[in-house]
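In: Have a look at this fold, sequence not included:
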């Protein structure tokens with residue numbers, strides 16, 4: 001409690017004195033937002049639980065500020081300079097709300113009295129390849145033409161690793177998992193409402209560092225940056241909502257899951273992301289099929305879901321049909337050209353790539369006539385997350401990345417036979433959520449913080465699930481095991 005009060009006083013003082021500190025106005029905005037979460041410390045009386053709360057809502061908020069900006073950054077100032085070269089890649093070192101919360105979280109974790117320590121789990125199946133990915137990316141500095149861009153990418157990897165490791169070690173029980181998921185579902189309801197509002201009104205805004213964007217005609221992204229991350233976020237949370245709907249007894253959490261599924265589905269349509277829709281449709285069909293075959297999903301409630309989906313589909317049929325029937329040849333062709341160019345880079349530098357964060361800078365040096373129109377592929381990341389890692393950091397880094405995702409899927413899937421309906425369906429949902437994102441990775445860059453954190457959050461949840469399942473077997477009461485699910 002004393003530590004919680006200290007943190008509250010610290011941030012309260014920052015608010016009062018921030019106008020007089022030698023810091024940018026952007027950082028002052030972040031200081032104003034942080035205490036909103038930490039004023040709840042005393043009410044929670046549990047700083048670790050509050051940190052989980054802030055992490056859950058911090059992913060969709062996507063709240064961060066620039067600390068260091070590369071000369072290649074594609075901002076308004078550089079774009080306005082005639083003939084100036086800019087890149088679509090990670091060109092800024094940004095400080096996020098989640099980064100600050102993680103720093104506090106690790107301090108609280110390591111400064112705990114020894115008698116209150118809980119065992120720290122290493123989770124070697126996912127942690128070892130994650131460390132390998134970071135180590136190889138660090139070694140790729142040998143190849144990096146721009147060391148600043150390399151540093152931005154390596155620091156991002158370190159940040160998401162610390163994010164994953166903290167989350168995996170602090171979601172230990174079904175109560176922790178339910179708390180994190182409930183907060184995430186509250187976030188998806190709010191984010192979905194914003195996306196739907198943008199979809200109908202074209203609303204754009206920037207308030208206290210929160211950017212809400214409309215990407216082209218009839219495509220909204222909320223605060224998640226672009227439509228790709230927005231579609232991925234909605235898809236993943238839909239699977240988790242389904243696990244709550246069929247895995248928990250009747251009550252407020254189940255009703256929240258139903259509401260979030262409805263709003264999230266409409267918001268997914270509003271993103272206009274075709275690959276997001278395809279990945280969602282394939283994996284949702286698999287989720288329902290597996291759930292029915294395992295006996296976890298009742299036919300009566302499935303029928304209600306089908307009716308709800310039909311109503312939503314009919315209501316927005318014209319929008320869906322227009323988007324699916326309008327083939328954007330330029331978009332498709334540019335992706336094929338990007339892939340061919342990336343393959344040229346990979347063939348030239350198979351072991352350490354061209355340096356983490358340096359692909360967009362140097363890829364034009366590997367152009368050949370078979371790639372296609374140069375203007376469509378230069379100075380930007382390849383729209384394939386796997387090829388991107390491979391080209392920047394080499395074959396071993398790409399294998400580490402695939403190993404992380406594969407191990408997480410296996411970990412989650414190992415819990416599908418759990419005696420707990422919630423853990424069983426959550427295992428299916430997390431595994432298929434990662435698969436859905438992997439489908440999307442074949443046509444998207446996955447370099448933005450929001451979608452990167454979402455991927456690693458799923459890895460953390462999948463990694464911690466077997467531990468939670470073992471705790472469930474030991475501690476679950478008779479009444480919970482015989483509750484009314486449906």
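Out: Alright, I've got the coordinates. Remember, it's a predicted structure, so these values are computed and weren't measured experimentally. Numbers count the residues shown, from 1 in each chain.

In: List the contacts of residue 155.
Out: By CB atoms under 8 Å, 6 or more residues apart in numbering, residue 155 lies in contact with residue 93. In this view, the C-beta of every residue, glycine as well, is placed from N, C-alpha and C.

In: need the next SSE after the helix or strand where it lies, C-terminal direction.
Out: Element membership of residue 155, judged by DSSP states H and E, is helix 147-170. Sequence-wise, the next helix or strand downstream of helix 147-170 (DSSP H and E) is helix 174-201.

In: Packing partners of that next one?
Out: Under the contact criterion of 3 or more CB pairs under 8 Å, 6 or more residues apart in numbering; DSSP states H and E, helix 174-201 touches helix 47-61, strand 210-214, strand 220-222, helix 227-247, helix 252-271, helix 421-441, helix 449-475.

In: for the residue nearest to residue 105 when sequence neighbours are not counted, what are its contacts?
Out: Distances taken as CB to CB, 6 or more residues apart in numbering put residue 51 closest to residue 105, at 4.5 Å, once the chain neighbours are dropped. Counting by CB under 8 Å, 6+ apart, residue 51 touches 101, 104, 105, 108, 170.

In: Equivalent analysis for residue 389, please.
Out: 133, 397, 398, 401.

In: Quick one: low-confidence residue ranges for the stretch 201-350 of the chain.
Out: 208-209, 327-330 (pLDDT under 70).

In: Tell me the gap between stretch 171-182 and the middle of its chain.
Out: Mean-position distance between stretch 171-182 and its chain equals 18 Å (CA atoms, centre = their mean, to the nearest Å).

In: and that stretch, which residues are buried?
Out: 171, 172, 174, 176, 177, 178, 179, 180, 181, 182 (16 or more other CB atoms under 10 Å).

In: Could you report the neighbour count for the closest residue to the last one other than its chain neighbours?
Out: Closest residue in space to residue 182, ignoring its immediate chain neighbours: residue 253 at 6.0 Å, by CB to CB, 6+ apart. Each residue near residue 253 was counted by other CB atoms under 10 Å, and the total is 17.

In: now residue 326
Out: 8.

In: Repeat that for residue 251.
Out: 10.

In: And residue 340, by the same measure?
Out: 17.

In: do the same with residue 55
Out: By other CB under 10 Å, 24 other residues sit near residue 55.

In: where's it relative to residue 390, distance?
Out: 30 Å (CB to CB, to the nearest Å).

In: Please apply the same query to residue 201.
Out: Applying CB to CB to residue 201 and residue 390 gives a distance of 41 Å.

In: Show me what the closest residue to residue 202 other than its chain neighbours bridges to in the sheet.
Out: Among residues not flanking residue 202 along the chain, residue 214 sits closest, at 5.4 Å (CB to CB, 6+ apart). For residue 214, the beta-bridge partners under DSSP bridges are residue 220.
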